[in-house]
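Peer 1: show me how the following folds:
(one chain, ligands or ions: 2)
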Amino acid sequence: MDQGQVSTIAASPENGPQRMHVRKFRQGRTRLAARHWVRGDMFATAFLNALSVVFPRGEAFMIEALHPWRDRTEGALQRDIATFIEQEAAHSREHVGFNRAIIEAGYDIEALDRAIKQFVSFFAGCGEITKLGATMCIEHLTAIVAAEILKNREHLEGTDLELRKLWLWHAIEEVEHKAVAFDVWMFATREWSGARRWLTRSALLLAVSLSFFVNRTRGQVELLRQDGLSKPAGWWQSIRHGFAKGAIGRNVLGPWFEFFRPGFHPHTIDDRELLVRGENLLAAIKLVTEGTTAGADRTSSASRNLAAEVA
Ligand SMILES: [Fe+2]
Ligand SMILES: [Fe+2]
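Peer 2: Numbering: from 1, shown residues only. Ligands and ions are numbered 1, 2, ... in the order given. Okay, the predicted model is just below:
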């Protein structure tokens with residue numbers, strides 16, 4: 001499918017939810033432009049680094065959770081699962097490279113890696129529907145953080161364009177496939193009562209969010225400790241920066257709560273306009289770094305104007 005077409009479809013609410021597609025993305029060798037590659041901000045850098053470290057194992061867990069359902073579903077849902085798997089596999093591949101760059105910048109990520117291994121092994125003995133439910137919840141968390149990154153450009157402002165491309169591309173695909181695990185879980189639990197579904201998914205989101213918050217902050221604090229900050233100061237500053245006015249943690253609280261609304265579906269949060277903006281910004285950065293307009297909405301000059309801004 002032509003990528004310009006996808007942007008057009010995503011921009012038109014009357015066309016329903018956006019179509020998903022796998023974007024070609026291969027960064028090759030990743031290098032951090034600086035140890036604190038997010039505007040020299042050690043807290044913002046530690047937050048994104050701590051996220052990146054868990055992506056490969058976390059995404060492999062989600063791929064495994066969805067995989068058995070591919071052959072049990074059909075039509076659009078089956079195609080969505082296949083696209084989801086391809087997208088997540090590509091994210092993992094690229095973040096393995098990014099994580100290598102974190103190590104080359106002087107960080108030891110062993111403790112962070114151990115934490116995600118423990119999370120994944122906790123679910124090893126659980127049933128397929130529980131793994132799927134956990135995936136649905138992780139996907140809600142990643143989708144709201146990704147949407148926030150697309151909504152407020154300042155989160156990635158002042159970063160090296162090559163690194164920004166990776167994070168933008170990942171954010172776009174997370175928002176794009178945010179409903180897949182939810183839809184598969186709804187399919188898997190189709191014989192459950194509405195109350196049982198709501199109670200189960202709400203309890204799962206609480207548990208997964210608590211684990212996500214504690215473990216990612218712990219990871220962030222460990223990286224900050226390696227930057228010379230004491231653990232208590234790391235905890236305090238990570239929470240203070242993460243939930244300050246305009247910060248990601250504070251801005252995602254509203255969409256996080258949405259999940260508890262009975263009748264919630266990920267597409268009730270309409271991110272189609274955000275996706276178009278994200279695609280155009282990614283295309284603009286590619287225009288600057290690669291001299292190509294691949295992925296741009298070719299019918300508008302948005303990407304060219306943005307390219308002048310980001311250059
Ligand atoms: Fe991903
Ligand atoms: Fe995802």
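Peer 1: next, count neighbours for the residue of the chain found nearest ligand 1.
Peer 2: Residue of the chain nearest ligand 1, by C-beta to the ion: His91 (3.5 Å). For glycine as for every other residue, the C-beta is placed from the backbone atoms N, C-alpha and C. Residues lying near His91 (other C-beta atoms under 10 Å) number 23.
Peer 1: what's the spacing between it and Val214?
Peer 2: With distances taken as C-beta to C-beta, to the nearest Å, His91 is found 23 Å from Val214.
Peer 1: same check, this time on Ser230
Peer 2: In this view, Ser230 and Val214 are 19 Å apart by C-beta to C-beta.
Peer 1: also Gln87?
Peer 2: 27 Å.
Peer 1: cool, and Lys178?
Peer 2: Distance from Lys178 to Val214, by C-beta to C-beta: 23 Å.
Peer 1: what does Pro56 give?
Peer 2: In this view, Pro56 and Val214 are 20 Å apart by C-beta to C-beta.
Peer 1: who has more neighbours out of those two?
Peer 2: Taking neighbours as other C-beta under 10 Å, Pro56 and Val214 compare with Pro56 leading, 21 against 11.
Peer 1: in contact with that one, which residues?
Peer 2: The contact partners of Pro56, by C-beta atoms under 8 Å, 6 or more residues apart in numbering, come to 92, 95-96, 99.
Peer 1: could you list the low-pLDDT ranges of the stretch 201-311 of the chain?
Peer 2: When residues are selected by pLDDT under 70, those of the stretch 201-311 of the chain lie in 292-304, 308, 311.
Peer 1: check which helix or strand covers Thr159.
Peer 2: Using DSSP states H and E, Thr159 sits within no helix or strand.
Peer 1: now it, nearest residue through space, not along the chain?
Peer 2: Residue nearest to Thr159 in three dimensions, not counting chain neighbours: Val38, with 5.5 Å by C-beta to C-beta, 6 or more residues apart in numbering.
Peer 1: just say helix, strand or coil for that neighbour.
Peer 2: Classification of Val38 using DSSP: H, G, I helix; E, B strand; the rest coil returns coil.
Peer 1: kind regards, and thank you for your time.
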